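Q: Here is a sequence together with a model predicted from it:
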Amino acid sequence: MPILSTNKLSKNFDGVHAVNKLSISFEAGKITGIIGPNGSGKSTLINTLTGMIPADGGEIIIAGVETLKRMNAHEVPLFGITRTFQDVRLFEQMLVLDNILVVLTERSIWKSLFEKHSKLHLEKAEEVLKKVGLWEKRGELAKNLSYGQRKLLEIARILAIIHSGVGDINVIFFDEPFAGLFPEMVKTVVTVMRELRDQGKAVILVEHNMELIRELSDHIYVLDSGELLAEGAPSVVLARKDVIEAYLGE
């Protein structure tokens, strides 16, 4: 049974069908790639599924049980969903370490600043920061990190959310996580995504780098003009003439 699926999901902008009656599904323990030329509806789909924008029609189905007409942003964690963003979103004026501790402890940002952090909190923060290679940067303000380091900190925060035990995170959307990363950083993110898949999470990857899509994805969906153009194994789908033409005609 899919952990997350859509049934004729639609989103329109001024008469343009950004997502047009789309029915797709995501399974636990798999990395699913979402690809397509610019304007194909990838970002709109993710934003609709994570409560950033409302759907205009169709359904969002959670674990085959809960059926929603729209996803509200405050409900997303309750349904076990989290995400990264193309434009990285951090607590800029907080230390790197505090960006992690804030999601490991009290849900309120201000209360978390005054909450006494336990040894366990600090150990978990150290673990996730070391995993993405940012432990040595723990005392710096988030705003002073490089672009690539900022993306790694956002991914570390995702890992901290999973560790926090607040909700059961089963679906993670990665919105172009590799853009602007150096090769060693790419390897780090690849390792994180594979570990999440092996833990039984549904990992959804929106990415333009076809080599990474081939390397990582167990299944891919190709969108074009808000509709599903193709789906299946990367080796098969990426060889299809209509998929190649969709990209060449961008």
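A: Yes, it's here.
Q: wouldn't residue 35 be in contact with residue 213 here?
A: Yes. Between residue 35 and residue 213 there is a contact under Cβ atoms under 8 Å: 6.0 Å. (C-beta placed from N, C-alpha, C; glycine too.)
Q: list the residues that contact both of these two?
A: Common neighbours of residue 35 and residue 213, using Cβ atoms under 8 Å, 6 or more residues apart in numbering, are 207, 220.
Q: quick one, what contacts residue 99?
A: So residue 99 contacts 90-91, 142, 153, 156-157 (Cβ under 8 Å, 6+ apart).
Q: what bits of the chain have low per-residue confidence?
A: 106-117, 165-167, 248-250 (pLDDT under 70).
Q: hmm, back to that, between the contacts of residue 99, which sits nearest residue 78?
A: Of all the contacts of residue 99, residue 157 has the smallest distance to residue 78: 18.1 Å, by Cβ to Cβ.
Q: Now do the strands in this protein.
A: 4-13, 16-22, 25-26, 30-35, 57-62, 66-68, 81-83, 171-175, 202-206, 219-224, 227-232 (DSSP state E).
Q: Now mean neighbour count and distance to residue 189 too, for the ones you listed, in JSON lines please.
A: Putting the strands of the chain into JSON lines (neighbours: other Cβ atoms under 10 Å; distance: least, Cβ to Cβ, whole Å) gives the following:
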{"stretch": "strand 4-13", "mean neighbour count": "19", "distance to residue 189": "21"}
{"stretch": "strand 16-22", "mean neighbour count": "20", "distance to residue 189": "26"}
{"stretch": "strand 25-26", "mean neighbour count": "20", "distance to residue 189": "19"}
{"stretch": "strand 30-35", "mean neighbour count": "24", "distance to residue 189": "12"}
{"stretch": "strand 57-62", "mean neighbour count": "19", "distance to residue 189": "26"}
{"stretch": "strand 66-68", "mean neighbour count": "12", "distance to residue 189": "30"}
{"stretch": "strand 81-83", "mean neighbour count": "22", "distance to residue 189": "14"}
{"stretch": "strand 171-175", "mean neighbour count": "24", "distance to residue 189": "8"}
{"stretch": "strand 202-206", "mean neighbour count": "24", "distance to residue 189": "10"}
{"stretch": "strand 219-224", "mean neighbour count": "23", "distance to residue 189": "18"}
{"stretch": "strand 227-232", "mean neighbour count": "16", "distance to residue 189": "24"}
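Q: Kindly present those as a markdown table, with separate columns for distance to residue 138.
A: Formatted as a markdown table, the strands of the chain follow (distance: least, Cβ to Cβ, whole Å):
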| stretch | distance to residue 138 |
| --- | --- |
| strand 4-13 | 33 |
| strand 16-22 | 40 |
| strand 25-26 | 33 |
| strand 30-35 | 29 |
| strand 57-62 | 35 |
| strand 66-68 | 38 |
| strand 81-83 | 22 |
| strand 171-175 | 23 |
| strand 202-206 | 26 |
| strand 219-224 | 36 |
| strand 227-232 | 42 |
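Q: Right, I'll leave it there.
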